[in-house]
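*Asks:* show me the folded form of this:
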Amino acid sequence: MSIKMKELPESERPYEKLKLYGACELSNAELLAIIIKCGSKEDTSVGLAQKILKLNENKDRNDLKFLQNISLEELTKIKGIGQVKAIQILSVCELAKRMSRPINSLKIVIKNTKDVADLFIEELRYEKRELVKLVMLNTKNVVIKITDIALGGGNFAAIEPKIVLFEPIKMQAQKIILVHNHPSGDPTPSKGDYRITDRISECADIMGITLLDHVVIGDNKFCSLFHS
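*Replies:* The predicted structure is shown next:
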């Protein structure tokens, strides 16, 4: 049986350690232990946290991005992690993901492809599903809305132009930018990416909307179909 948390010196307990030294001094396991709150009969909260971190297939154990793609089922397979603890962990991960996104109330001006990539690269670079996002802009290239138009398991090349253009027409957006990721990490556009981009651009022109760019996000890399 593992040592109980209350048997540790106060300076080694995650809660007390954070109060004494600040959050930046805690290890990943200790921070995760605070979210988990309490351990099980077999493990302390830190011990359970260490088991969760072992689910990371990446050799770099300090990389916590894997938590954004972990499922409830994977977490609850760990003895001592019930649904409540798993839901707490997933909720915190979702909050972290949302904090990395731009705040729509800020006047974000898009000047080039890098500006687009900077908005999404941290969110999408490790994403295991293919996600498609649409950026809507006004005449001055200020972002007025960002929306998801396809989530996971899909093939960008199979997306219908009417799905892409529905929201911009409703919002009366003057310009749009498409963004999608390649889970392989390689942002090189496929022939299908080019074909559907041409179709969307033609349909957008008919509706008086300009498709400014289409950016593919990879693992810390990006590529524009318009500015290669």
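
*Asks:* against residue 116, how distant is the residue nearest to residue 164 when sequence neighbours are not counted?
*Replies:* Distance criterion CB to CB, 6 or more residues apart in numbering; nearest residue to residue 164, sequence neighbours excluded, is residue 200 at 5.4 Å. Just so you know, the C-beta spots here come from the backbone N, C-alpha and C atoms, and that holds for glycine as well. Using CB to CB, to the nearest Å, residue 200 is found at 16 Å from residue 116.

*Asks:* picking up where we left off before, the residue nearest to residue 164 looks like it's in a helix, true?
*Replies:* Yes. Residue 200: assigned to a helix according to DSSP: H, G, I helix; E, B strand; the rest coil.

*Asks:* and the pLDDT at it?
*Replies:* Note for residue 200: predicted pLDDT of 96.

*Asks:* who touches it in this structure?
*Replies:* The contact partners of residue 200, taken as CB atoms under 8 Å, 6 or more residues apart in numbering, are 161, 164-165, 178, 211.

*Asks:* got a winner among those for most neighbours?
*Replies:* Highest neighbour count within those: residue 178, with 27 neighbours (other CB atoms under 10 Å).

*Asks:* which element is that one on?
*Replies:* strand 175-181 (DSSP states H and E).

*Asks:* so what are the sheet partners of that strand and their directions?
*Replies:* strand 131-137 (antiparallel), strand 210-217 (parallel) (DSSP bridges).

*Asks:* run the chain-centre distance for that strand.
*Replies:* Its chain's C-alpha centre and that of strand 175-181 lie 16 Å apart, by CA atoms, centre = their mean, to the nearest Å.

*Asks:* got it, and stretch 74-94?
*Replies:* From the chain centre to the centre of stretch 74-94 is a distance of 18 Å (CA atoms, centre = their mean).

*Asks:* buried by neighbour count: which residues of that stretch qualify?
*Replies:* Within stretch 74-94, the residues that qualify as buried are 75-76, 78, 80-81, 85-86, 89-90, 93, counting by 16 or more other CB atoms under 10 Å.

*Asks:* next one: stretch 144-152
*Replies:* Under 16+ other CB under 10 Å, the buried positions of stretch 144-152 are 144, 146, 149-150.

*Asks:* quick one on the thing from earlier: save the strands paired with strand 175-181 as a markdown table, and put in mean pLDDT and distance to residue 125 too.
*Replies:* Formatted as a markdown table, the strands paired with strand 175-181 follow (pLDDT from 0 to 100; distance: least, CB to CB, whole Å):
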| stretch | mean pLDDT | distance to residue 125 |
| --- | --- | --- |
| strand 131-137 | 93 | 11 |
| strand 210-217 | 96 | 6 |
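
*Asks:* could the ones you listed go into TSV alongside distance to residue 193?
*Replies:* As requested, those are exported to TSV (distance: least, CB to CB, whole Å):
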stretch	distance to residue 193
strand 131-137	11
strand 210-217	7
